[in-house]
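>>> What shape does this take:
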Amino acid sequence: MIKIYAMLVGFAFFTGATFNLAKFSLDYFSTASAASWRFGMAAFLMVLILGLQKKIRWSTIRSYGTAYTILGVIGIFGFNVLFFFGMKYTSSLNGALIMATNPLLTSILAFFILKTPLTRRQIIGILFALAGVILVLTQGSWEIIQTLSISVGDFLVLMGNLCWALYGVLGRKYLKESSSLETTTYTMVVGAICLVLLSLFLPSPQPLGHVALAAWGAILFMAVFTSVLGYLWWNKAMEMIGAGKASLFFNLVPVVTLFLSVMTGTPVYISQLSGTVLVISGVLISTGIIKFKKGQRRISANI
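Sure thing, here's the model as predicted:
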């Protein structure tokens, strides 16, 4: 289990770095174009990996073709389009707070769709992590929380959040005989095709010949580390420990983004450090590393 949790931490790190890289790349690409290049490269690499490992099973494709298509449209295409377009019309704070509700939303969907019970430990972990993310992003200001409003952008990000939660939960329900490698590959191919088609109707800020090498590097990093390794590790974790626990690690994403911002000279506040502690505590409580027994906290190595 330690390996699974390490994968989820890696996923959170790559995803957290992606926000900065995506923002940079959008100076050269349209939203759909950046996403299509990223997932086009990633899908090619995934098919290559699957082929080299000789794990392309045509019987699996025939059996789960419809499910792969639906999940690709929802989890790859839907999530990215709704999220990035939503961020055009809302603030980064609003978007981050909405995405921080993903563990709660995933656990609720898992409860209704998978009949997965919500344990007290899991609920406490969710609340700790969510409180931590809110504290980090609002710097402990109640006024900021009070002034948040649901705009068109907020609604689009919320729908993207729903797509991401559904991707994991529905994958567990309908792709029981599909490996995490197969699920990642085939859903990514479907999502990439949809993103390429959309990019044909949205011109990029600059011709491809004028795109800076650094921007291509950002796209390549997101394709290899976030889309290939990140999605592989995410699907593997969902398969091994369940949607509710795995989705908690999504709360680490804004924390990673915070640390990367600090490296560029952004000051750190007490509220942000406190929020980081709450987020990490929430993950540890939910996964059972920190246990409460008879009023005592106990560190366990039973993972």
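>>> Buried ones in stretch 215-226, by neighbour count?
Ala215, Ala218, Ile219, Phe221, Met222, Ala223, Val224, Phe225, Thr226 (16 or more other CB atoms under 10 Å). Just so you know, the C-beta spots here come from the backbone N, C-alpha and C atoms, and that holds for glycine as well.
>>> For those residues, give me a markdown table that also has pLDDT.
Output for the buried residues of stretch 215-226, formatted as a markdown table (pLDDT from 0 to 100):
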| residue | pLDDT |
| --- | --- |
| Ala215 | 92 |
| Ala218 | 92 |
| Ile219 | 93 |
| Phe221 | 94 |
| Met222 | 92 |
| Ala223 | 93 |
| Val224 | 94 |
| Phe225 | 93 |
| Thr226 | 88 |
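>>> now, among those, which is nearest to Leu198?
For the buried residues of stretch 215-226, the closest approach to Leu198 (CB to CB) belongs to Ile219, at 16.4 Å.
>>> sorry, back to before: which members of the buried residues of stretch 215-226 occur in helices, if any?
For the buried residues of stretch 215-226, membership in helices holds for Ala215, Ala218, Ile219, Phe221, with DSSP state H as the criterion.
>>> Find the nearest non-adjacent residue to the most centrally placed residue in the chain, please.
Centroid-nearest residue in the chain: Phe250, 5.9 Å away (criterion: CA atoms, centre = their mean). Nearest residue to Phe250, sequence neighbours excluded (CB to CB, 6 or more residues apart in numbering): Asn102, at 4.8 Å.
>>> same deal with Phe19?
Per CB to CB, 6+ apart, closest to Phe19 is Thr257, 5.3 Å.
>>> Touching, the residue nearest to Phe250 and Leu166? I think so.
No. Taking CB atoms under 8 Å as the definition, Asn102 is not a contact partner of Leu166, at 10.9 Å.
>>> from the buried residues of stretch 215-226, which is closest to Ser199?
Using CB to CB, the shortest approach to Ser199 within the buried residues of stretch 215-226 belongs to Ile219, at 12.6 Å.
>>> The closest one touches Phe39, doesn't it?
No. Between Ile219 and Phe39 there is no contact under CB under 8 Å: 10.1 Å.
>>> Please look at Phe19 and Leu258 and confirm they touch.
No. The criterion here is CB under 8 Å, and Phe19 misses it with Leu258 at 10.5 Å.
>>> Where does pLDDT dip in the stretch 151-300 of the chain?
Along the stretch 151-300 of the chain, the parts satisfying pLDDT under 70 run over 243-244, 247, 264, 266-268, 272, 287-300.
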